[in-house]
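Novice: predicted model follows, preceded by the sequence.
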Amino acid sequence: MLQSDELPFTTQQNAEREVEALRRELAESQQLVRGLRRQLEKALEAANEAKRAHAKMVGTLTETVRENTTLAHERDFWRARAQRSEAGLHSEPEVEHPVLDIGSLSHQISEEEVNAIRKAMARLHHPDVGGNPERMKVWNATLDRLGR
């Protein structure tokens, strides 16, 4: 049997060519893998960005629905009140609700701040958004007193 030193010249050249061809194929494969990995990373980044955009859109839509519900309720309330007024009917007697103790806060808060608090409390406690109607009445009574 022949050792590698004793291989005929053409066989050794063929083996070297084959090794070189395999190295080129390996380098091409590694380059292809790197390219595919970059594409995969870009696709994952795009998917994550789509998830963030979707979550933001859902949050915005949820907030919009809450605000629209609140505004529709308020519109219906004022519409009914105007219709009663046009018909010459007196509105129902207002029920006295407990008022939260706000102490000296009433002198330190502006009308804009009262309106902002009212809007925030409506988002939390309004019955149309699943809140507690009694709690909303207490907040309204308190904020009505602050607004005066």
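Specialist: Thanks, I have the structure now. All values reported here derive from a predicted model rather than from experimental measurement. Numbering: from 1, shown residues only.
Novice: confidence score at Gly35?
Specialist: At Gly35, the pLDDT value in this model is 96.
Novice: is it within a helix or a strand, and which one?
Specialist: helix 9-86 (DSSP states H and E).
Novice: over to Thr110: give its phi and psi.
Specialist: Just so we're on the same page, residue 110 is Ser rather than Thr. Dihedral angles phi and psi of Ser110 (degrees, to the nearest 10) take the values phi -90, psi 170.
Novice: quick one: pLDDT of it?
Specialist: On the pLDDT scale, Ser110 is placed at 78.
Novice: give me the contacts around stretch 52-70.
Specialist: With C-beta atoms under 8 Å, 6 or more residues apart in numbering as the test, stretch 52-70 has contacts from Lys119, Ala122, Arg123, His126, Asp128, Val129. (C-beta placed from N, C-alpha, C; glycine too.)
Novice: go again with 10 Å.
Specialist: With contact meaning C-beta atoms under 10 Å, 6 or more residues apart in numbering, stretch 52-70 is reached by Lys119, Ala122, Arg123, Leu124, His126, Pro127, Asp128, Val129, Gly130.
Novice: out of those, who's nearest Arg75?
Specialist: Comparing those against Arg75 with C-beta to C-beta places Asp128 closest, at 12.1 Å.
Novice: per-domain residue ranges of the protein.
Specialist: Split into domains by automatic domain parsing, the chain comes to 9-93, 97-148.
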